[in-house]
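Trainee: Task: produce atomic coordinates for the following.
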Amino acid sequence: MEWVKKAELHTLQSLPSLTHLYLSNCTLPHYNEPSLLNFSSLQTLHLSNISYSPAISFVPKWIFKLKKLVSLQLPGNEIQGPIPGGIRNLTLLQNLDLSGNSFSSSIPDCLCGLHRLKSLDLSSSNLHGTISDAPENLTSLVELDLSYNQLEGTIPTSSGNLTSLVELDLSRNQLEGTIPTFLGVVKEDDLANLTSLEQFSASGNNFTLKVGPNWIPNFQLTFLEVTSWQLGPSFPSWIQSQNKLQYVGLSNTGILDSIPTWFWEPHSQVLYLNLSHNHIHGELVTTIKNPISIQTVDLSTNHLCDLSTNSFSESMQDFLCNNQDKPMQLEILNLASNNLSGEIPDCWINWPFLVEVNLQSNHFVGNFPPSMGSLAELQSLEIRNNLLSGIFPTSLKKTSQLISLDLGENNLSGCIPTWVGEKLSNMKILRLRSNSFSGHIPNEICQMSLLQVYIDLSSNKLLGDIPREITDLNGLNFLNLSHNQLIGPIPEGIGNMGSLQTIDLSRNQISGEIPPTISNLSFLSMLDVSYNHLKGKIPTGTRLQTFDASRFIGNNLCGPPLPINCSSNGKTHSYEGSDGHGVNWFFVSATIGFVVGFWIVIAPLLICRSW
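Mentor: Next up is the predicted model:
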């Protein structure tokens with residue numbers, strides 16, 4: 001029996017030969033008398049996301065009678081109170097999973113007697129207090145997970161011998177101090193017995209690792225995550241011996257050194273490398289050998305002269321194009337917010353596995369590199385806030401997997417080609433703002449049925465009507481066509497775009513009335529139609545009247561939130577803002593009214609002094 005959606009335990013009472021029972025996401029009756037249940041042969045019991053009738057918040061006592069249990073898994077059952085002492089009766093246990101509960105207790109000593117235990121998972125169980133000596137006596141442990149709790153203090157320094165430990169996760173607690181001899185990483189001699197350790201994760205604590213510069217561990221790690229430890233100031237030289245690493249997390253570890261030249265070669269098999277939020281300095285290009293075999297590299301927030309949020313000011317030519325006689329494995333390239341200049345190198349054919357490219361906020365000039373169209377796997381391309389020129393890059397016709405495209409804040413010109421909507425049908429984010437695109441908005445762009453986050457074409461030189469077909473984009477959240485030269489009416493069916501949250505059509509020459517259907521947009525949090533040629537009454541709706549009046553000025557509109565009443569004969573009044581195209585008659589009339597009222601009161605006093 002692998003999976004039971006609905007179960008009544010009384011239907012299983014006569015199954016004394018049952019050895020494995022898996023129940024998940026169901027409601028069970030609670031029996032006060034455990035003798036009613038005969039699971040004398042049960043070896044595996046997995047109860048996850050279980051509720052009881054009547055409701056209970058503790059481990060049912062009948063479980064502690066299952067003397068042959070080898071594996072007990074009770075994850076996600078909202079168990080409260082202390083970890084039950086009855087677990088000590090299950091002396092044959094090899095696998096114990098109590099994760100995802102709400103024990104609100106410390107680690108109990110009742111675990112000490114489980115000498116056969118190989119896997120212990122107490123993660124995300126609201127454990128607090130200090131780590132007791134209990135885990136140290138579990139000498140058969142291969143996997144120990146205490147992550148995502150509220151454990152504090154230091155790890156016990158009393159002697160222990162976890163010689164079989166392969167995976168250890170202490171991450172996301174409030175532990176501090178130096179790593180004790182219990183884990184064997186303070187001195188070289190303390191590590192002699194931990195030859196089986198392969199995965200070590202203890203990020204988010206306040207540990208300090210103190211070992212000699214010539215220390216070589218006796219273990220070989222494949223997974224290392226020690227974010228927020230104190231490893232520096234020197235680059236940890238012992239990592240050179242760990243030539244099986246696939247995951248390396250050394251973020252925020254106090255390193256004030258350069259990346260040594262030996263680092264890259266023995267770690268060519270690494271898939272993920274995070275050295276961010278340190279004080280690493282130097283020129284990456286001079287130390288790099290072949291790091292691009294790594295799929296994800298995060299070197300942000302350091303003092304390098306090469307990558308994002310640093311200060312790389314040279315050309316990218318050497319970094320991207322030189323000495324590369326085989327395809328590079330990199331999937332994510334982020335060089336944003338540097339001082340990169342010159343033209344974007346045209347050798348992207350060497351990078352066929354790139355999924356995300358971010359070159360935004362640099363000083364690139366010239367045309368879009370044609371070879372970037374060879375990135376068949378590309379899903380996200382951000383080159384906004386540069387100085388690129390030329391027309392919309394035709395090479396992007398081939399990047400059919402694109403989901404997000406941001407070419408905003410450049411000097412691109414010409415028409416938006418019709419093939420954009422036809423070839424890039426997977427697009428969810430499109431941002432072309434603050435360029436010099438001209439001509440009409442192509443109807444074909446409205447074929448991007450998956451668009452959600454933007455269709456931001458603002459601050460260009462676009463002409464003509466807003467395509468009626470734009471109302472077919474019923475998944476669109478944000479629409480910004482402001483600061484163009486658009487004419488004609490707002491499409492009548494705009495109220496059908498039920499996902500819209502913001503609409504900005506300001507600073508155009510749009511005419512006609514605001515469609516009444518716009519009141520149907522229940523998620524609308526911002527609407528700006530200011531400085532157009534709109535007329536008539538602002539539609540009444542639960543949200544429209546809550547917007548600031550400045551969002552409607554510069555038109556011939558009336559009604560709330562504008563302080564201009566719509567007359568019964570249909571005549572409307574212009575309401576201009578202080579920076580509008582006309583006189584702000586609201587403030588003029590208010591001033592006149594104040595002056596007249598003032599003299600009505602003061603003049604008689606001046607004339608009749610007895611008053």
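
Trainee: Report how many residues lie close to Leu209.
Mentor: 16 (other Cβ atoms under 10 Å). In short, each C-beta sits where N, CA and C put it, glycine included.

Trainee: pretty sure it is in contact with Gln230, am I right?
Mentor: Yes. If you go by Cβ atoms under 8 Å, Leu209 and Gln230 touch, sitting 7.0 Å apart.

Trainee: The stretch 201-350 of the chain: strands as residue ranges?
Mentor: 206-208, 223-225, 247-249, 272-274, 281-282, 296-298, 303-304, 332-334, 341-343 (DSSP state E, counting those that start in this stretch).

Trainee: any idea how far the residue lying closest to Thr91 once chain neighbours are set aside lies from Gly498?
Mentor: In space, and not counting its chain neighbours, Thr91 is closest to Gly113: 6.4 Å by Cβ to Cβ, 6 or more residues apart in numbering. Distance from Gly113 to Gly498, counting by Cβ to Cβ, to the nearest Å: 61 Å.

Trainee: These two: which has the busier surroundings?
Mentor: The neighbour comparison of Gly113 against Gly498 (other Cβ under 10 Å) goes to Gly113, with 17 against 13.

Trainee: Tell me the backbone dihedrals of that one, please.
Mentor: phi -80, psi 0 (degrees, to the nearest 10).

Trainee: hang on, it packs against Gly86?
Mentor: No. With contacts counted by Cβ under 8 Å, Gly113 stays clear of Gly86, the gap being 11.7 Å.

Trainee: quick one: low-confidence parts of the stretch 401-550 of the chain?
Mentor: Judged by pLDDT under 70, the stretch 401-550 of the chain has its weakly predicted residues at 454, 542.

Trainee: Strands of that one, start to end?
Mentor: So, for the stretch 401-550 of the chain - with DSSP E, counting those that start in this stretch - the strands run 404-406, 411-415, 429-431, 436-440, 454-456, 461-465, 478-480, 485-487, 502-504, 511-512, 526-528, 533-537.

Trainee: Dump those to TSV, plus distance to Leu122 and mean neighbour count.
Mentor: Output for the strands of the stretch 401-550 of the chain, formatted as TSV (distance: least, Cβ to Cβ, whole Å; neighbours: other Cβ atoms under 10 Å):
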stretch	distance to Leu122	mean neighbour count
strand 404-406	40	21
strand 411-415	56	16
strand 429-431	41	22
strand 436-440	58	16
strand 454-456	44	23
strand 461-465	60	15
strand 478-480	44	20
strand 485-487	61	17
strand 502-504	45	19
strand 511-512	65	14
strand 526-528	47	18
strand 533-537	63	17
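
Trainee: Asn214 - how many residues pack around it?
Mentor: Residues near Asn214, counting by other Cβ under 10 Å: 8.

Trainee: what sits against it?
Mentor: Ser237 (Cβ atoms under 8 Å, 6 or more residues apart in numbering).

Trainee: And Lys68, by the same measure?
Mentor: So Lys68 contacts Ser40, Ser41, Leu42, Gln43, Leu92 (Cβ under 8 Å, 6+ apart).

Trainee: which SS state does the nearest residue to the first one once chain neighbours are set aside fall under?
Mentor: This points to Ser40. Of all residues beyond its chain neighbours, the one nearest Ser40 is Pro16 (5.1 Å), with distances taken as Cβ to Cβ, 6+ apart. Secondary structure assignment for Pro16 (DSSP: H, G, I helix; E, B strand; the rest coil): coil.

Trainee: so where do the helices sit in the chain?
Mentor: Ranges of helices in the chain, per DSSP state H, are 284-287, 317-321, 419-423, 585-607.

Trainee: Flag whichever of those helices has the least confidence on average.
Mentor: Among those, helix 585-607 carries the lowest mean pLDDT, a mean of 53.

Trainee: tell me which residues in stretch 559-569 are buried?
Mentor: Gly559, Pro560, Leu562, Ile564, Cys566 (16 or more other Cβ atoms under 10 Å).

Trainee: Quick check: end-to-end length of stretch 142-151?
Mentor: For stretch 142-151, the first-to-last residue distance is 21 Å (Cα to Cα, to the nearest Å).

Trainee: Would you confirm that Ile216 contacts Ile239?
Mentor: No. The pair formed by Ile216 and Ile239 falls short of the contact definition of Cβ under 8 Å, at 10.6 Å.

Trainee: From the neighbour counts alone, determine which of these two ranks first.
Mentor: Remark: of Ile216 and Ile239, Ile239 carries more neighbours, 20 against 13, as counted by other Cβ under 10 Å.

Trainee: residue contacts, that one?
Mentor: Going by Cβ under 8 Å, 6+ apart, Ile239 touches Leu224, Leu245, Val248, Phe263, His267.

Trainee: ditto for Asp528
Mentor: By Cβ under 8 Å, 6+ apart, the contact set of Asp528 is Ser482, Ile503, Asp504, Leu505, Ser506, Arg551.

Trainee: Let's have these in a markdown table, adding distance to Glu152.
Mentor: Below are the contacts of Asp528 laid out as a markdown table (distance: Cβ to Cβ, whole Å):
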| residue | distance to Glu152 |
| --- | --- |
| Ser482 | 53 |
| Ile503 | 50 |
| Asp504 | 50 |
| Leu505 | 55 |
| Ser506 | 54 |
| Arg551 | 51 |
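
Trainee: Going by distance to Ser234, which of these wins?
Mentor: Asp504 (52.3 Å; Cβ to Cβ).

Trainee: any idea how far His483 is from that closest one?
Mentor: Counting by Cβ to Cβ, the gap from Asp504 to His483 is 9 Å.

Trainee: who touches both of these two?
Mentor: The contact sets of Asp504 and His483 overlap at Ser458 (Cβ under 8 Å, 6+ apart).

Trainee: how about a markdown table for the buried residues of stretch 559-569, with pLDDT and distance to Leu69 added?
Mentor: Below are the buried residues of stretch 559-569 laid out as a markdown table (pLDDT from 0 to 100; distance: Cβ to Cβ, whole Å):
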| residue | pLDDT | distance to Leu69 |
| --- | --- | --- |
| Gly559 | 93 | 73 |
| Pro560 | 93 | 70 |
| Leu562 | 94 | 73 |
| Ile564 | 91 | 78 |
| Cys566 | 89 | 78 |
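
Trainee: Apart from its neighbours in sequence, what residue is nearest Tyr347?
Mentor: For residue 347 the amino acid is Cys, not Tyr. Cys321 (3.9 Å).

Trainee: That neighbour is in contact with Pro345, isn't it?
Mentor: Yes. With contact defined as Cβ under 8 Å, Cys321 counts as touching Pro345 (5.2 Å).

Trainee: Run through the stretch 101-250 of the chain and note the low-pLDDT ranges.
Mentor: For the stretch 101-250 of the chain (pLDDT under 70), the answer is 132-136, 154-163, 176-193, 204-206.

Trainee: Name the nearest residue to Lys535, sequence neighbours excluded.
Mentor: Asn556 (4.1 Å).

Trainee: whoops, Leu250 was the one
Mentor: Of all residues not flanking Leu250 in the chain, Leu275 sits nearest, at 5.4 Å (Cβ to Cβ, 6+ apart).

Trainee: which residues sit in contact with that neighbour?
Mentor: Per Cβ under 8 Å, 6+ apart, neighbours of Leu275: Leu250, Ser251, Ile255, Ile259, Asp298, Leu299, Asn302.

Trainee: again, but for Phe353
Mentor: Under the criterion of Cβ under 8 Å, 6+ apart, the neighbours of Phe353 are Gln295, Pro327, Met328, Gln329, Leu330, Glu331, Glu377.

Trainee: Looking at those residues, which one is closest to Leu21?
Mentor: Looking across the contacts of Phe353 and measuring by Cβ to Cβ, the closest to Leu21 is Gln295, at 40.8 Å.

Trainee: Fine, thanks again, bye for now.
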